[in-house]
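> A predicted structure for the sequence below; I have some questions about it.
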Amino acid sequence: MAEDAISTSDAYGRTAQVALLGEQATVLAQAMENERDLYAGFAAYGILAADALANRAAPSVTKPISTAEATSNANLMAAEKATNAEGQRVETLAAAIGPAFPAGIQTKAQSVITMIESIPGLRSALVGDPAAQVIATYSSSIGDLFVLNDEITSGSGDASLSDEVRALGALSRAKDQASQQRAFVYSTLIETSVNDTGDGKRAPSNDVKSSQALQDAGGLGVLTTSQGLEFADLTDFNGAATTEQSNAYLATVAGAQANDAQLIEGFLSLPNDPRLVFERIGNQTSLGDPQATVAATWYSDETAVVSQMRSIESQVMTAIVTRSQALEHGDGLVCVDASRDVHRERLAGELVNDVEQFHCPTVVGDVDDGKIGEDTFHAALTSQRQRAMLDDLRAPVLGGVLHHHEDLLHAVHQVHRPAHTLDHLAGDRPVGQVAGGRHLHGAQHRDVEVSAADDPE
């Protein structure tokens, strides 16, 4: 028994160590997301500058672009500095993952070290590339951090900790998708909204068209796929998170900026012409944002959303670290489930002597914190970020309490986070005509075929 207790204690100690590494990895991931999205904007200004040069545009055209490009570069360099600092911290912690750890954890820790050491080369290689390449390259590297965090529970055998780690992985990936959308829309709006002040005759204008701006960011399909992946990840988050964490998400990821970002993203993808965000085209309704500031407004609004998601991610990560350290210090009771012949650990209020066994309380039926059917988070996912009282009450309360509806996740009239189709603002176009004629379905299990927007036709 003593040897088993020591072995278990050592395993929990390793779990706690990986959890601390994971906590720092989430900070690095956020820093890299910020850097990636600013780099996408810098790439867009580079395309505008090259286009103006090719057109032999007058100083009235080139000077504002050069000024904006310089400011963008300064912001990018500040973001790179932040990434470097966080990368050093993660690399130090990852280097401490030695032979005592499971081979899988060692391999993933080494992959993270290799990724961090490759960041300077990554930056250099992307100079002159469009936003699409910037987004894809950074996202691949950031994914190494998520894969590492998936291993936090390896060897712990703790069910509660496993759920927390699954919730973390899903939320981190959802936040990254929201951040990728920030980069996509930011670069697209920069290329379409930054106009010349010349007359187009003696001083040829910048002629980057909306179609090129979208393609430079990867194409509208990239945006709608990202929206679908985010929706699927948030569904996975709810499946693993505690009720408190789900409710905290709903209460936090909301507000005026979240709603504004939703509108901008929706208008950008409507007729495959981002200009509708700031100007009227034909008989199409425009959102009417000021052209000179629309890109900056979007970036600020979506940054607020990403920051809100980050705050919940931090809470989940803190719970993981706390749980792993409690296990490490023996602050728990082990119960024996005779029906399954397995051991489960339950936190106790104070330290116990060695390991005290007791029989798990008998549970009859499927107890789920008193909830009926699916968590109300599923229904609230359909409320398009907005904390609209009627929408939120109609779906969770009427659907979940009166009808015991088991499928509240699927959007009826709105979706919580991915862009709304805004049909009524675009000449009542049917959903099937949005995003290149694709019929839009919500993503399931990260198997995304089409856009996640889901208004009834």
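Nice, thanks for sending it over. Numbering: from 1, shown residues only.
> all strands for this protein, in order.
With strands called from DSSP state E, the chain shows them at 332-337, 342-347, 357-359.
> By residue count, tell me the biggest helix in the chain.
In the chain, taking DSSP state H as the definition, the longest helix is helix 2-54.
> Near L93, how many other residues are there?
For L93, the tally of surrounding residues (other C-beta atoms under 10 Å) stands at 20. C-beta coordinates here come from the backbone N, C-alpha and C atoms, glycine included.
> before we move on, what about S269?
Neighbours around S269, by other C-beta under 10 Å: 26.
> Neighbours of the residue nearest to A96 when sequence neighbours are not counted, how many?
Distances taken as C-beta to C-beta, 6 or more residues apart in numbering place Q17 nearest to A96, at 7.1 Å, with adjacent residues excluded. By the measure other C-beta under 10 Å, the count of residues near Q17 is 21.
> for the one 4 residues further on, same thing?
L21 is surrounded by 25 other residues when neighbours are defined as other C-beta under 10 Å.
> cool, and the one 4 residues further on?
Using other C-beta under 10 Å, A25 has 28 other residues around it.
> What residue, apart from its backbone neighbours, is nearest it spatially?
Nearest residue to A25, sequence neighbours excluded (C-beta to C-beta, 6+ apart): L145, at 4.5 Å.
> Tell me who's in contact with that neighbour.
25-26, 28-29, 32, 90, 112, 115 (C-beta atoms under 8 Å, 6 or more residues apart in numbering).
> Please determine how far it is located from V27.
10 Å (C-beta to C-beta, to the nearest Å).
> and the closest residue to G98 other than its chain neighbours, what pLDDT?
In space, not counting the residues next to it along the chain, G98 is nearest to Q106; the distance is 7.5 Å by C-beta to C-beta, 6+ apart. Looking at Q106, its pLDDT stands at 96.
> Roughly how far does Q106 sit from I281?
56 Å.
> Break the protein down into its structural domains.
2-328, 332-433 (automatic domain parsing).
> Highest mean neighbour count out of those?
With neighbours defined as mean count of other C-beta atoms under 10 Å, the domains of the chain peak in mean count at domain 2-328, which reaches a mean of 20.
> ok, the closest residue to D129 other than its chain neighbours - contacts?
Spatial nearest neighbour of D129, chain neighbours left out: A43 (6.4 Å); criterion: C-beta to C-beta, 6+ apart. Contact analysis of A43 by C-beta under 8 Å, 6+ apart lists 126, 129-131, 134, 187, 216.
> try 10 Å
72, 76, 126-135, 183, 187, 190-191, 216-217 (C-beta atoms under 10 Å, 6 or more residues apart in numbering).
> one step back: OK, contacts around the residue nearest to G98?
94, 97-100, 151.
> Also T67?
Y45.
> just the one 4 residues further on next, same as before
With contacts defined as C-beta under 10 Å, 6+ apart, the neighbours of T71 are 41-42, 45.
> any idea of the pLDDT on the nearest residue to N73 once chain neighbours are set aside?
Excluding its sequence neighbours, the residue lying closest to N73 (C-beta to C-beta, 6+ apart) is F42, at 5.9 Å. F42 is assigned a predicted lDDT (pLDDT) of 98.
> Please apply the same query to R446.
Listed pLDDT for R446 reads 44.
> And for L425?
Here, the pLDDT recorded for L425 equals 40.
> picking that back up, the residue nearest to N73 reaches P130, doesn't it?
No - using C-beta atoms under 10 Å, F42 makes no contact with P130, being 11.2 Å away.
> Need the residues touching each of the two.
With contacts defined as C-beta under 10 Å, 6+ apart, the residues adjacent to both F42 and P130 are S187.
> where does the closest residue to V222 other than its chain neighbours land on pLDDT?
Counting by C-beta to C-beta, 6+ apart, the nearest residue to V222 once its immediate chain neighbours are dropped is F184, at 6.5 Å. pLDDT recorded at F184 is 98.
> cool, A5 as well?
Confidence score, pLDDT, at A5: 43.
> same thing with Y249?
Y249 is given a pLDDT of 98.
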